[in-house]
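>>> sequence unavailable; structure follows:
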């Protein structure tokens, strides 16, 4: 059980702000190719909280209150049992200077109280625990991350009688994080704004808006794992730890603003946005029109005849109309509930170089809407509100028979809260890389619209993705000679054949391919470097702490990947060559290879 947390602990508001600032900072350093500047603070805090010796914890906590320049980092290392390099220490002090004395007091108090011990069993929600562990500690096997997260949730419950975990719309298989007390949320958001500069260097946008924006992305990450039964187990675990953490009686989202249904769109504005496929006129924020010329007008947005659905979320960051210049036949449906825009165009329309005409509400929209885009593949737009919070839209074009132009478009399935197709990548550390590949047509999601960025990949899957990315066509009549050819999925055989023919793969010494085996980082890096015509490096003296674990057959290619910055390693100076590789990591490496190839 978690240690009892009394009301004597430091203000819940400060703790809450700190933990989610740390979580948001950590989320995007879990990448296999993290930025050079990483958070050492979370590394030290999670290690300190795990120390069983209460006196050593208290000593370490007191050291955090010292002046940064006189901070005894060596003493901290001895007390909590972590090893920091000179670089780590420099980064740690540099980051710590950004905190006020009060914020350092928060860290000190948190360390003093500690958290749960090793007897806690997270096996019933292992996928969720692994994801939280990666967010907090960069190591999915380090359960200190999950202990840390649960400790914070319990502290909120005990100190302020404040639940933070709910079912989403009554669905127990989905989780919803929220602070429903508006007064406390306002205080938290006010304090959090002081910590935002600490995470501002990130380009992920995870915590650049309000607390509400962050919480939405946090539960999207967990719901995006699509492990409904584990979410139920996670909630049961939280309820067992403290009955105040999880409120299963409240139905959230708890607010549903009443939409105004347009009777007819203005021919000069293109109408409003739609919630669940119905046009919603949102006022009073002025609508910004983005068009190539002053006289260009958008085609009115279709209003399917369905029951109006309330728009979820603020209305100050919204696309209200979408069409294309010089294509008057374009008919768009904006599904505001899932932030998806579906546009019908007649068969035969060339989609490779279209100029969009977009109307939106908010401070800005990106990318530049005057730029022509290839709409053969999904295209993503981000609308930023005056308060800097953001929302993403995915735009998809369907070519249809002219006789079908007026048929009602079915609303896309909601993949995670507030988002439809590709929604489980929003807020992910590899979001930008994955979007880049989707827009290039190099990858597609699963039939249900999800991407599942955190699942491992098989040898059949990675070769299929890699061959598509480099633009090779699968062999129509493959003739694979592997001894286990019968176990190779039919859909992958043509891709594997072309990979063999081009020297990208060879198979195992026993003449098997093992198509359903999970792929390691070393294996995929060799495939990718060969696919993009990189030679092995002769400089194989790598500085990673686990360099000795790199297989000899992969060393030259891995060294070349480091030389070309295709990989940089993890924040703890390891490369984890034998870890299974996830879809997000595969996509990141492919996108880097494509980008570097384009620059050659």
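All right, it came through fine. Worth saying up front: this structure is predicted, and the values here are computed from it rather than measured. Residues are numbered from 1 along each chain as shown.

>>> in this structure, which strand is the longest?
strand 390-400 (DSSP state E).

>>> quick one: buried residues of that one?
390-397, 400 (16 or more other CB atoms under 10 Å). In this view, the C-beta of every residue, glycine as well, is placed from N, C-alpha and C.

>>> that strand - contacts with which helices or strands?
Contacts defined by 3 or more CB pairs under 8 Å, 6 or more residues apart in numbering; DSSP states H and E place strand 390-400 against strand 318-324, strand 340-346, strand 379-384.

>>> out of the ones you listed, flag the one nearest residue 449.
Closest of the helices and strands packed on strand 390-400 to residue 449 is strand 340-346, at 9.1 Å (criterion: CB to CB).

>>> what is the orientation angle of that closest one with strand 318-324?
Relative orientation of strand 340-346 versus strand 318-324 (axes from the mean of the first three to the mean of the last three CA atoms, to 10 degrees): 20 degrees.

>>> and strand 340-346, what other elements does it pack with?
Here strand 340-346 touches strand 318-324, strand 331-335, strand 390-400, going by 3+ CB pairs under 8 Å, 6+ apart.

>>> for the residue nearest to residue 441 when sequence neighbours are not counted, give me its contacts.
In space, and not counting its chain neighbours, residue 441 is closest to residue 377: 4.3 Å by CB to CB, 6 or more residues apart in numbering. For residue 377, the contact set (CB atoms under 8 Å, 6 or more residues apart in numbering) comprises 438-441.

>>> touching, residue 321 and residue 333? I think so.
No - with contact defined as CB atoms under 8 Å, residue 321 does not count as touching residue 333 (11.2 Å).

>>> now do the closest residue to residue 564 other than its chain neighbours, the pLDDT please.
Leaving aside its chain neighbours, residue 564 sits nearest to residue 596 (6.1 Å; criterion: CB to CB, 6+ apart). In this model, residue 596 is scored at 87, pLDDT.

>>> what helix or strand does residue 596 sit in?
Following DSSP states H and E, the helix or strand that holds residue 596 is helix 583-599.

>>> who does that helix touch, helix- and strand-wise?
Counting by 3+ CB pairs under 8 Å, 6+ apart, helix 583-599 packs on helix 431-440, helix 459-469, helix 521-531.

>>> make TSV out of those and add mean neighbour count and distance to residue 338.
As requested, the helices and strands packed on helix 583-599 are exported to TSV (neighbours: other CB atoms under 10 Å; distance: least, CB to CB, whole Å):
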stretch	mean neighbour count	distance to residue 338
helix 431-440	21	16
helix 459-469	23	25
helix 521-531	23	32
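
>>> using CSV, lay out those together with distance to residue 229 and mean pLDDT.
Formatted as CSV, the helices and strands packed on helix 583-599 follow (distance: least, CB to CB, whole Å; pLDDT from 0 to 100):
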stretch, distance to residue 229, mean pLDDT
helix 431-440, 26, 91
helix 459-469, 24, 92
helix 521-531, 29, 95
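
>>> out of those helices, which comes closest to residue 123?
Residue 123 sits nearest to helix 521-531 of all those, at 25.3 Å, using CB to CB.

>>> leaving out sequence neighbours, find the closest residue to residue 250.
Per CB to CB, 6+ apart, closest to residue 250 is residue 166, 5.5 Å.

>>> which ones are touching residue 59?
75, 79.

>>> domain map for this structure?
12-252, 273-421, 459-599 (automatic domain parsing).

>>> lowest mean pLDDT across those, which one is that?
Per-stretch mean pLDDT for these is lowest at domain 12-252 (a mean of 67).

>>> just give me the neighbour total for the residue nearest to residue 521 when sequence neighbours are not counted.
Spatial nearest neighbour of residue 521, chain neighbours left out: residue 581 (4.9 Å); criterion: CB to CB, 6+ apart. Residue 581 sits with 22 neighbouring residues when counted by other CB atoms under 10 Å.

>>> re earlier: tabulate the helices and strands packed on strand 340-346 (a markdown table), appending distance to residue 55.
Shown next, in a markdown table, are the helices and strands packed on strand 340-346 (distance: least, CB to CB, whole Å):
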| stretch | distance to residue 55 |
| --- | --- |
| strand 318-324 | 55 |
| strand 331-335 | 58 |
| strand 390-400 | 46 |
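
>>> which one, of these, ends up nearest to residue 111?
Between residue 111 and the helices and strands packed on strand 340-346, the shortest gap by CB to CB is with strand 390-400, which sits at 33.6 Å.

>>> give the pairing partners of the closest one; include direction for each.
strand 340-346 (parallel), strand 379-384 (antiparallel) (DSSP bridges).

>>> residues contacting residue 48?
57, 60-61, 76, 79-80, 111.

>>> how much space separates the residue lying closest to residue 60 once chain neighbours are set aside from residue 112?
The shortest distance from residue 60 to any non-neighbouring residue, by CB to CB, 6+ apart, is to residue 79 (4.0 Å). Note on residue 79: its distance to residue 112, by CB to CB, to the nearest Å, is 12 Å.

>>> neighbour count for the two, which is higher?
A count of neighbours by other CB under 10 Å puts residue 79 above the other of residue 79 and residue 112, at 23 against 19.

>>> the helix or strand hosting residue 358: partners in the sheet, and parallel or antiparallel?
According to DSSP H and E, residue 358 maps onto strand 356-361. Here strand 356-361 is paired, per DSSP bridges, with strand 288-290 (antiparallel), strand 318-324 (antiparallel).

>>> got the angle between the last one and strand 331-335?
Spelled out, it's strand 318-324. Using the same axes, to 10 degrees: strand 318-324 against strand 331-335 is 160 degrees.

>>> what's the overlap in contacts for residue 79 and residue 112?
Residues touching both residue 79 and residue 112 (CB under 8 Å, 6+ apart) are residue 57.
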